[in-house]
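Trainee: have a look at this fold, sequence not included:
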């Protein structure tokens with residue numbers, strides 16, 4: 001006879017649950033907000049995306065090393081920072 005089994009129950013946020021059901025049924029990504037037809041947006045080039053990603057990565061690494069050296073703080077919780085520092 002083994003140890004008694006423990007049954008865990010989880011509940012999802014109702015909005016998330018509804019959107020998840022729609023995603024599973026229809027198989028598409030749900031838009032956050034409809035875009036007006038007259039809005040034009042310039043997509044960034046791959047070079048611009050690469051520069052942005054590099055800047056964000058460097059800021060993130062500086063935050064891990066010493067948060068007082070960064071020009072702009074990241075929105076990372078103290079518990080998340082502790083976990084990330086334990087990984088290095």
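Mentor: Noted; the coordinates are in hand. This is a predicted model, so every value here is computed, not measured.

Trainee: all contacts plus neighbour counts: C-alpha atoms, from now on.
Mentor: OK.

Trainee: biggest helix in the protein, by residue count?
Mentor: Secondary structure of the chain read by DSSP state H shows that its longest helix is helix 46-65.

Trainee: residue 21 and residue 10, how far apart?
Mentor: Applying Cα to Cα, to the nearest Å, the value for residue 21 to residue 10 is 16 Å.

Trainee: same drill for these two, tell me which one is more crowded.
Mentor: Ranked by neighbour count (other Cα atoms under 10 Å), residue 21 and residue 10 place residue 21 first, with 12 against 4.

Trainee: pLDDT wise, what is that one at?
Mentor: Residue 21 is assigned a pLDDT of 84 by the prediction.

Trainee: could you look up the SS state of it?
Mentor: helix (DSSP: H, G, I helix; E, B strand; the rest coil).

Trainee: check the offset of stretch 57-69 from the chain's centre.
Mentor: 18 Å (Cα atoms, centre = their mean, to the nearest Å).

Trainee: actually, stretch 52-66.
Mentor: 16 Å.

Trainee: quick one: average pLDDT of it?
Mentor: pLDDT averaged over stretch 52-66 gives 80.

Trainee: likewise for stretch 26-43?
Mentor: Mean predicted lDDT for stretch 26-43 stands at 72.

Trainee: residue 56: how many residues sit nearby?
Mentor: 13.

Trainee: try residue 63
Mentor: 20.
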